[in-house]
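[1] Sharing a model that was predicted from the sequence below.
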Amino acid sequence: MADQDTNPKQAAPTLEDIQHWTWVMGRAQQMMLEHMAQQMNEAAAKAPDSKAETGQWPGMTMFPSPGDVAKQQVDMWTQGMSIWQRALGVPAPSGELAEKADQDKRFAAPQWKDNPLFDMIRQSYILISDRLLGSVEALEGVDEKQREKLRFATRAFVDAMAPSNFALTNPLVLERTLETGGENLLKGLENMLRDLGKGQLTHTDPEAFEVGRNIAVTPGKVIRQTPLYQLIQYSPTTDQVLETPLIIFPPWINRYYILDLNPKKSFIRWAVEQGLTVFVVSWKSADESLAETTMDDYVLAQLDAIDTVRELLKVEAVHTIGYCVAGTKLAATLALLDARGQADKVASATFFTAQVDFSEAGDLTLFLGDEQMQLIQQMSADKGYMDGRYMAATFNMLRGRDLIWNYVTNNYLMGEEYPQFDLLHWNGDTTNLPAKWHQLYLKQFYQENLLVKPGGITIDGTPIDLTRVKTPTYVQSGRDDHIAPPQSVWKITHHFKGPLRFVLAGSGHIAGVVNPPDAQKYQYWTNEQKVDSLDEFIDGATETKGSWWPDWIRWIGAQSDKKVPAKGARVPGKGKLKAIEDAPGSYVKGR
């Protein structure tokens with residue numbers, strides 16, 4: 001045994017091996033050239049002068065050249081590792097670093113630990129990342145806003161430079177490449193070129209879901225259509241319903257069916273089953289016809305929906321829900337109704353992760369500098385609307401590790417099949433925004449915070465004041481929300497003067513809202529005492545396991561529990577307003 005060669009040399013590649021890998025590289029080069037030629041031809045056909053000169057191909061505004069990216073990434077990682085090891089004197093792998101690397105799901109696979117080289121790479125990366133992020137905190141003479149920008153940029157850089165993102169420093173990718181003979185890289189390249197062509201990162205199987213077929217399938221009818229929205233009424237499932245109906249205003253930066261993904265997750269279906277007559281506004285994805293749309297149009301559209309339902313069902317008031325930016329506009333709608341002496345049209349207002357005071361609005365403010373605002377203006381100057389892919393990319397960047405680099409590794413390097421996940425399908429189903437209004441919204445709300453200044457905003461010629469709103473209010477916030485942080489959502493309690501219930505839900509901007517009771521996931525916190533700050537609320541809060549939806553429906557019932565038969569106008573199309581088309585309607589399918 002002593003004479004046995006325990007380190008046999010690898011066999012030399014055969015002629016067939018060389019031919020195969022030559023084919024892989026040649027096929028990859030061919031795919032790249034075909035893609036580039038196609039993009040150049042499309043650019044020449046659309047704008048032969050300006051586009052050809054600038055080299056800005058359609059669908060590639062968000063992506064640099066993949067060849068340049070690959071070279072820069074490998075060079076940066078290789079050189080950066082060497083430089084930082086010399087500069088920092090990277091020690092031999094320690095127990096603390098190894099434990100931290102083990103806890104990082106990017107490096108949890110045994111291949112990272114079993115090979116000493118890759119184990120050193122991942123632990124060195126963890127050490128370097130900690131040093132880089134720590135250096136931001138150690139900077140002196142930097143105000144907190146600037147520090148937050150540096151913190152975000154550094155975190156984004158660190159996430160981008162993870163060795164798991166590159167084929168040559170990821171043992172799983174190398175292993176897969178050898179197993180498949182490079183087929184994974186070709187499949188990944190095909191995925192990447194497809195995404196480059198459409199200008200958007202793909203997260204899920206694009207053929208797995210279809211609106212109206214297996215998502216957004218709660219039965220109902222479109223009963224009203226305007227240039228800005230369709231109003232959907234859902235079919236009752238109970239013999240009796242609460243007299244006061246519910247209107248849901250979803251954000252116009254997303255499709256409404258986040259609240260109707262499938263029967264098990266659908267808040268809309270669940271609300272119908274609780275005995276509510278439910279209406280939902282489905283906003284139109286902006287095109288040239290909405291170029292002059294303003295804030296007034298969205299607020300007046302909400303008022304129009306409220307009056308439409310009141311007249312249809314012959315009721316004095318409606319319950320309302322505003323999700324995210326539609327909640328911001330719902331607050332403005334309530335203030336406008338109060339200013340006009342019509343506050344009694346709304347029996348209650350519920351806010352899902354919605355902000356009215358933007359003084360602590362979170363990471364989105366990092367994208368609102370002068371350069372970003374100019375870019376937004378330039379990108380939408382010709383068409384009059386903002387391409388929804390820009391907003392999708394922005395939201396993805398807020399969680400780059402999970403929503404960008406994870407998919408770069410799986411889809412581009414590993415060449416894996418896309419998962420079938422309805423939430424990710426919705427996330428990629430982008431909507432366009434009226435450019436002029438979008439820019440004004442960012443300026444007046446995020447930058448100038450005018451909504452909370454009495455008279456700071458005027459709607460339809462009427463100055464509004466949130467401090468005059470006395471409508472009973474239910475405010476839901478997500479503990480881990482990175483889009484509407486809980487400390488920002490909490491501030492609504494400082495402005496509204498009516499009875500208010502605040503609920504802090506587990507999870508974030510989406511999962512914190514879409515959490516059906518049957519799932520038995522997460523938790524929520526309530527505090528029956530009157531407190532002045534979110535910290536005080538949390539300190540005295542009671543935790544309840546599971547969904548907050550039952551708490552909300554109890555609160556709705558406490559506003560008014562009178563019921564009426566579910567017939568006549570309570571059935572879509574059976575009242576004064578006839579059915580235009582089946583739910584989910586056509587606006588939700590518009591691009």
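    Done, it's in.

[2] hey, let's count contacts and neighbours off CA atoms from now on
    Fine.

[3] Verify the stated contact: I247 with V280.
    Yes. Judged on CA atoms under 8 Å, I247 makes contact with V280 at a distance of 5.6 Å.

[4] L337 in helix, strand or coil?
    helix (DSSP: H, G, I helix; E, B strand; the rest coil).

[5] Tell me who's in contact with it.
    The contact partners of L337, by CA atoms under 8 Å, 6 or more residues apart in numbering, come to A343, K345.

[6] So it versus Y587, what's the distance?
    Distance, L337 to Y587, by CA to CA, to the nearest Å: 27 Å.

[7] now T294
    19 Å.

[8] List the buried residues in stretch 213-226.
    Buried positions in stretch 213-226, judged by neighbour count with 16 or more other CA atoms under 10 Å: I215, A216, V217, T218, P219, G220, K221, V222, I223, R224, Q225.

[9] So which of those residues belong to helices?
    Judged by DSSP state H, the subset of the buried residues of stretch 213-226 located in helices is empty.

[10] As JSON lines, those residues with distance to L500 and pLDDT would be great.
    Shown next, in JSON lines, are the buried residues of stretch 213-226 (distance: CA to CA, whole Å; pLDDT from 0 to 100):
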{"residue": "I215", "distance to L500": "33", "pLDDT": "93"}
{"residue": "A216", "distance to L500": "31", "pLDDT": "95"}
{"residue": "V217", "distance to L500": "33", "pLDDT": "96"}
{"residue": "T218", "distance to L500": "30", "pLDDT": "97"}
{"residue": "P219", "distance to L500": "32", "pLDDT": "98"}
{"residue": "G220", "distance to L500": "31", "pLDDT": "98"}
{"residue": "K221", "distance to L500": "33", "pLDDT": "98"}
{"residue": "V222", "distance to L500": "32", "pLDDT": "98"}
{"residue": "I223", "distance to L500": "32", "pLDDT": "98"}
{"residue": "R224", "distance to L500": "32", "pLDDT": "98"}
{"residue": "Q225", "distance to L500": "33", "pLDDT": "98"}
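
[11] Point out the ones among those residues that are inside strands.
    G220, K221, V222, I223, R224, Q225 (DSSP state E).

[12] Name the residues of stretch 331-350 that come out as buried.
    Buried, per 16+ other CA under 10 Å, within stretch 331-350: 331-339, 343, 345-350.

[13] Any regions of the stretch 401-550 of the chain where pLDDT drops low?
    Scanning the stretch 401-550 of the chain for pLDDT under 70 picks out 401, 403.

[14] Kindly recompute the last result at 80.
    401-407, 410, 419 (pLDDT under 80).

[15] Identify each of the helices in it and give its residue range.
    Using DSSP state H, counting those that start in this stretch, the helices of the stretch 401-550 of the chain run over 406-407, 422-428, 435-441, 486-489, 534-539, 549-559.

[16] Please identify which of those helices is closest to A153.
    The minimum distance between A153 and these falls on helix 406-407, with 18.2 Å, by CA to CA.

[17] For the closest one, name the packing helices and strands.
    With contacts defined as 3 or more CA pairs under 8 Å, 6 or more residues apart in numbering; DSSP states H and E, there are no secondary structure elements packing on helix 406-407.

[18] No further questions, thank you.
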